[in-house]
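# The following comprises the amino acid sequence and a computationally predicted model.
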Amino acid sequence: MKIVIPGGTGQVGSILQSALRARGHEVVVLSRAANREARSVEWDGRTVGPWAREVDGADVVINLAGRNVNCRYTKANLDAMMSSRVDSTKAVGQAITEAARPPRVWLQMSTATIYAHRFDAPNDEVTGLIGGDEADTPAYWRNSIDIAKAWERTQRDAITPSTRQVGLRAAMVMSPTRGGIFDVLAGLSRSLLGGPVGGGAQFVSWIHERDFVRAVTFLIERSDLAGPINLAAPSPLPQREFMRILRGALRVDVGLPAAKWMAEVGAFFLRTDTELLFKSRRVVPRRLLEAGFSFEYPEWSAAASDLSERWRRLPVPR
């Protein structure tokens, strides 16, 4: 198959394109900086241009484009997160609409953050609560929900009668590669800072990189699946338990707790936002499981052991 991946140069995109090429597929990445060796084509992420020729005749489009959310949620950064997602999705939709031979499926990245902050029950695609109206959260958390809603709405609004649309409501993709979320969490744990944050009752949803790739492949092949799909392991767990298991996999005995004010100070100096730490993301993959998808890593303990072992073998950064 020919698979086009707009925004495929980030960590998740690198994982996906490498796995798909290993399976023998032709993969074309749309990037702001073209690279012949990586078979990438330049685009601006906003307008339809010569890159649309790659979409015409492709079998699959997987749009991953969007500004990284690991930043301070200033107005400028929130505006950039919104525009990078909406504009790129609109451009991809237009290219598919105008294609003489449109792809058979368009997988569009979204986020599990679209769901409500909650502890009482998990959020699935059918009964889950979309966030934004919670009374017990900071008002500014609604910005992330509004961005996610606009992201998904832009795909739905695209007129693609010959192309099946799938929205990937992805949890954190766990990979041992440098710079990713697992690398950050493992580094904090090794520094004895991997304890409960703000009490640690908030749920963490995650998915192992292998299951992420396998789920994407599954969704490409299953022509009966469309609309929003949760890409998350079926066992979210409280942050305190999540980090306890990770520390055990890394053979770290101590994880110092951090009160909310301590986490807020740390987030300020790390130039990130505390929503990423405090929001309870209790998400489960109902539609994948009902469709017969089997997770290789359904439980965090096995996933943490595998990822930790591979992380320890990475070269130490200079």
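It's in. Numbers count the residues shown, from 1 in each chain.
# what's the nearest residue to Glu241 if we skip its chain neighbours?
Gly200 (7.7 Å; C-beta to C-beta, 6 or more residues apart in numbering). Where you see a C-beta, it was placed from the backbone N, CA and C, and this is true even at glycine.
# where does that neighbour land in three-state SS?
At Gly200 the chain is in coil, as set by DSSP: H, G, I helix; E, B strand; the rest coil.
# what residues are up against it?
By C-beta atoms under 8 Å, 6 or more residues apart in numbering, the residues touching Gly200 are Pro238, Gln239, Arg240, Glu241, Met243, Pro257.
# Which of the residues you listed scores worst on pLDDT?
Confidence by pLDDT is poorest for Pro257 among the contacts of Gly200, given 85.
# With Arg247 as the reference, measure out to the residue nearest to that residue when sequence neighbours are not counted.
The shortest distance from Pro257 to any non-neighbouring residue, by C-beta to C-beta, 6+ apart, is to Gly195 (4.2 Å). Gly195 is 8 Å from Arg247, where distance means C-beta to C-beta, to the nearest Å.
# can you check Trp311 too?
Applying C-beta to C-beta to Trp311 and Arg247 gives a distance of 13 Å.
# for the stretch 201-318 of the chain, what spans make up the strands?
203-204, 206-208, 227-231, 237-238 (DSSP state E, counting those that start in this stretch).
# picking up where we left off before, out of Gly195 and Arg247, which sits in the more crowded spot?
Arg247 (23 against 18; other C-beta atoms under 10 Å).
# overlap in contacts of Gly195 and Arg247?
Val254, Gly255.
# from the strands of the stretch 201-318 of the chain, which stretch is densest packed?
strand 206-208 (a mean of 25; mean count of other C-beta atoms under 10 Å).
# helices or strands next to that strand in the packing?
For strand 206-208, the elements it packs on are strand 172-174, helix 300-312, judged by 3 or more C-beta pairs under 8 Å, 6 or more residues apart in numbering; DSSP states H and E.
# Neighbouring strands - and their directions - for the shortest one?
When pairing is defined by DSSP bridges, strand 172-174 lines up against strand 206-208 (parallel).
# How far away from the center of its chain is the strand it pairs with?
Between the centre of strand 206-208 and the centre of its host chain there is 9 Å, according to C-alpha atoms, centre = their mean, to the nearest Å.
# got it, and stretch 197-206?
18 Å.
# Between its first and last residues, how far does it reach?
17 Å (C-alpha to C-alpha, to the nearest Å).
# pLDDT below threshold where in the protein?
34-38, 261, 265-271, 317-318 (pLDDT under 70).
# Which residues are in contact with the most centrally placed residue in it?
Centroid check for the chain by C-alpha atoms, centre = their mean gives Ala170 as the closest residue, at 4.3 Å. If you count contacts by C-beta under 8 Å, 6+ apart, Ala170 has them with Val12, Met109, Ser110, Thr111, Ala112, Ile207, Phe212, Leu231, Ala232.
# wouldn't the second one be in contact with Ser84 here?
So the one you mean is Met109. No: counting by C-beta atoms under 8 Å, Ser84 is not a contact partner of Met109; they are 11.4 Å apart.
# Those two: who's more crowded?
Neighbour totals were compared for Met109 and Ser84, and Met109 leads with 23 against 19 (other C-beta under 10 Å).
# OK, contacts around the spatially closest residue to that one that is not a sequence neighbour?
The spatial neighbour of Met109 that comes closest, neighbours along the chain excluded (C-beta to C-beta, 6+ apart), is Leu64 at 4.8 Å. Taking C-beta under 8 Å, 6+ apart as the criterion, Leu64 is in contact with Ile5, Pro6, Gly7, Gly8, Gly10, Val12, Gly13, Leu16, Met109.
# Next, give phi and psi for Leu64.
Torsion angles at Leu64 (phi, psi; degrees, to the nearest 10) stand at phi -110, psi 0.
# how near is it to His25?
Taking C-beta to C-beta, one finds Leu64 at 16 Å from His25.
# Show me the beta-bridge partners of the residue nearest to the centre of the chain.
Leu231.
# I'd like to know how far it sits from Val92.
Ala170 is 17 Å from Val92, where distance means C-beta to C-beta.
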